[in-house]
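Engineer: A structural model of the following input is requested.
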Amino acid sequence: MKNLGHITASVLFFTFGIVQWNDPDPQLWISLYFYVAVCILLNIYTKVSKYPIAIGMLFTAFMLYNSIPDVMQWYADGMPSIVGSMKAESKYIELVREFFGLFISVATLIFYFIRAKKQS
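Structural biologist: As a prediction, the model looks like this:
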């Protein structure tokens, strides 16, 4: 019962991955979200989760850093809604959505990395 929140987080990331099937680059996003979900499960059930989480953090942080120019362009354009429709009217709207997905992923990995360090 104490792991219910962690299992829920893992299921959410698996769900995030599943709904990426119609994305322009689904392999990347499905893999990324499934990787985060597996890292959460590793953290719950094993003692060896620190290194896979660290690898995921570095990769995700690198992707997040590379998407900053797109977020800045979105901001410069007056921050138009990115949730109005599922179809992105302009390229940067899709990229800003991806930025927020990366942000959630890296924040989750940081949380579980700190948790793994405390456990070891």
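Engineer: ok, now how distant is the spatially most central residue of the chain from residue 67?
Structural biologist: Ranked by distance to the mean C-alpha position of the chain (Cα atoms, centre = their mean), the top residue is residue 105 at 2.6 Å. According to Cβ to Cβ, to the nearest Å, residue 105 stands 12 Å off from residue 67. In this view, the C-beta of every residue, glycine as well, is placed from N, C-alpha and C.
Engineer: next one: residue 120
Structural biologist: 32 Å.
Engineer: more crowded one of those two?
Structural biologist: residue 67 (19 against 9; other Cβ atoms under 10 Å).
Engineer: ok, back up a step: for the residue nearest to the centre of the chain, what is the enclosing helix or strand?
Structural biologist: Residue 105 belongs to helix 91-119 when elements are defined using DSSP states H and E.
Engineer: Show me what that helix packs onto, helices and strands only.
Structural biologist: Judged by 3 or more Cβ pairs under 8 Å, 6 or more residues apart in numbering; DSSP states H and E, helix 91-119 is in contact with helix 4-18, helix 26-45, helix 50-66, helix 68-76.
Engineer: out of those, deepest packed?
Structural biologist: Most buried of the helices and strands packed on helix 91-119 by mean neighbour count (mean count of other Cβ atoms under 10 Å) is helix 26-45; its value is a mean of 19.
Engineer: what's in contact with it?
Structural biologist: 3, 6-7, 9-14, 16-18, 20-21, 23, 48-49, 52-53, 56, 60, 63, 98, 101-102, 105, 108-109, 112, 115-116, 119 (Cβ atoms under 8 Å, 6 or more residues apart in numbering).
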